[in-house]
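Asks: Would you be able to build a 3D model of this:
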Amino acid sequence: MTRLQLQRRRNRFLRAHHDLASLNRDIPLSFPIMSTSFRHEPVLAGEVVTFLRPASGRTIIDGTLGGGGHSSLLLKGGARVIAFDRDPAALSHARSFLSAHTESFAAIEGNFAEAPGVLAGMGITSVDGVLLDLGVSSHQLDTAERGFSFQREGPLDMRMGHSGMTAADLVNTAPAEELARIFREYGDEPRAIQFAVRIVRAREKKPFVTTLELADLIAAGRTGPRHPATRVFQALRIAVNDEVGSLERALPSFVSMLAPGGRLAVITFHSLEDRIVKQFFRKHSMAEIDNPTWPAPRPNPDKMLDLVTARSVTASPEELASNPRSRSARLRVAERITTTKGGAR
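Replies: Have a look, this model is predicted:
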């Protein structure tokens, strides 16, 4: 990255972080190091703590526990944290890593989309904050046997947990039209049809079993700064784990659980997720809605939120230098308002 590019990046970072300037509190600039057996460096860690405002008496849901980095900082701030994750390895690590917080921390196996129902069963109907750090963890990418990486030999799995359809099941059985749709919608892959047809033809001779079998077929001698299979692997992972459906179900459920003044923070890593979050926040934060057939705008009956971040917050140049995987992270935050009938405050 040139000096000019770095300066432009820094300027964008400062504009996006205008919300932080008015907050008179220290942002933690460091966090506990993950063990080598489960390494995952939390992105935008200081920003998450600042926006979610952990304190004694506040309950915050970490819907994507991972290595426990974000939860650790929220606990350090004094909050009670209830975390969810589909990955048994992540849960095992985090329970050990955060064992000093037995009175204020609970880790539950499951999809964050199911969390509101689970919490209701626990008698918890209102919370002060929710964090969703979407995507795949560094540990999952770096563990070959999980099958997430096109750079490591492993079974073509890609499941966040240990149940349900695998990526191998999908690529070996789905019609070419369905594979092309997945690659196009979830990966923005311009050669979606070409890759789908290539996969269907190849599996007629031999089913796909490993990650490198699929990656090599997609690459087919191509080279470049980005591996040709990047978008295909992303799209398959999203489809296998129903990541889009989970997010679309979770957003309204979590907002309904937020206490007045409670905040929902979502970190996304690709444009599809970010678009879903942005549109949801916009729909539920506009004061008025308009229609060409109306004589004047009307109050928005769906208004439940105020935007805390006017635009997405991205990683600082310093974080980018220490954690390159933060380069595509975008954080959006909204706050629950007190509403009366008709959507007014």
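Asks: With adjacent residues omitted, what lies nearest to A55?
Replies: Excluding its sequence neighbours, the residue lying closest to A55 (C-beta to C-beta, 6 or more residues apart in numbering) is G78, at 5.0 Å. For glycine as for every other residue, the C-beta is placed from the backbone atoms N, C-alpha and C.
Asks: And stretch 175-185, how far out from the chain middle?
Replies: 22 Å (C-alpha atoms, centre = their mean, to the nearest Å).
Asks: I should have written stretch 89-101 there, sorry.
Replies: 20 Å.
Asks: All the helices of the stretch 1-150 of the chain, residue numbers only.
Replies: Using DSSP state H, counting those that start in this stretch, the helices of the stretch 1-150 of the chain run over residues 3-16, 18-21, 45-52, 69-76, 88-97, 115-121, 138-142.
Asks: Quickly, which of those helices bottoms out on average pLDDT?
Replies: Here the helices of the stretch 1-150 of the chain differ in mean pLDDT, and the lowest is helix 18-21 at a mean of 41.
Asks: Over to the residue nearest to A55: give its phi and psi.
Replies: Torsion angles at G78 (phi, psi; degrees, to the nearest 10) stand at phi 110, psi 0.
Asks: Could you tell me how far it is located from L52?
Replies: 12 Å (C-beta to C-beta, to the nearest Å).
Asks: Same drill for these two, tell me which one is more crowded.
Replies: Neighbour count, other C-beta atoms under 10 Å: between G78 and L52, L52 has more, with 26 against 12.
Asks: so who does the nearest residue to that one once chain neighbours are set aside touch?
Replies: Leaving aside its chain neighbours, L52 sits nearest to G129 (4.3 Å; criterion: C-beta to C-beta, 6+ apart). Contacts for G129 (C-beta atoms under 8 Å, 6 or more residues apart in numbering) come out as 52-54, 58-61, 74, 79, 258, 262-265.
Asks: partners of G129 in the sheet?
Replies: Note on G129: beta-bridge partners I60, R263, judged by DSSP bridges.
Asks: and it, how far is that from G261?
Replies: 10 Å.
Asks: Quick check: phi and psi at the closest residue to A79 other than its chain neighbours.
Replies: Leaving aside its sequence neighbours, A79 sits nearest to P54 (C-beta to C-beta, 6+ apart; 3.5 Å). The phi/psi pair for P54 (degrees, to the nearest 10) reads phi -60, psi 140.
Asks: what number of residues lie near P54?
Replies: For P54, the count of nearby residues is 22 (other C-beta under 10 Å).
Asks: Spit out the contact partners of it.
Replies: Residues in contact with P54 (C-beta under 8 Å, 6+ apart) are 60, 73-79, 129.
Asks: same thing with L305?
Replies: By C-beta under 8 Å, 6+ apart, the neighbours of L305 are 255, 264, 281, 284-285, 334-337.
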